[in-house]
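1. fold the following for me, if possible:
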Amino acid sequence: MAEEPKQAATPAKKKTSPGEFIRQVRSETSKVVWPSREETVRTAIFVFILVVILSLFFLGVDSLFGWIVQQLLALL
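-> Now for the predicted structure:
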């Protein structure tokens with residue numbers, strides 16, 4: 001015989017009121033460890049330096065490929 005489907009093991013979630021939601025958000029936000037100003041500045045400088053290095057690298061690669069394509073087109 002066919003078995004009846006089983007009920008879900010987890011009970012239905014009740015709705016949270018806006019006030020309770022705000023309290024939960026404040027509670028979770030207070031647990032966050034925010035970086036210090038020094039860490040933020042150091043990270044920003046590091047990112048800027050990497051962007052400059054990578055942009056110069058890709059400029060060089062692009063220029064090299066452009067030169068190679070020009071040489072190949074000149075052969076035609």
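2. going forward, measure contacts between C-alpha atoms and count neighbours the same way
-> OK.
3. may I ask which helix or strand of the protein has the lowest mean pLDDT?
-> helix 18-30 (a mean of 93; mean pLDDT, DSSP states H and E).
4. measure how far the very next helix or strand once past it is from the centre of its chain, please.
-> Heading C-terminal from helix 18-30, the first helix or strand you meet, by DSSP states H and E, is helix 37-75. Distance, stretch centre to chain centre, for helix 37-75: 21 Å (C-alpha atoms, centre = their mean, to the nearest Å).
5. relative to residue 55, how far out is the most centrally placed residue in the chain?
-> Residue closest to the mean C-alpha point of the chain, counted by C-alpha atoms, centre = their mean, is residue 47 at 14.4 Å. Applying C-alpha to C-alpha, to the nearest Å, the value for residue 47 to residue 55 is 12 Å.
6. and what of residue 29?
-> Distance, residue 29 to residue 55, using C-alpha to C-alpha: 37 Å.
7. state the number of residues packed around residue 24.
-> For residue 24, the count of nearby residues is 13 (other C-alpha atoms under 10 Å).
8. where in this structure is pLDDT low?
-> In the predicted model, the chain carries pLDDT under 70 at residues 1-12.
9. swap the cut-off to 50 and go again
-> Applying pLDDT under 50 to the chain flags no residue at all.
10. got a list of contacts for stretch 68-76?
-> Outside stretch 68-76, no residue is within contact range by C-alpha atoms under 8 Å, 6 or more residues apart in numbering.
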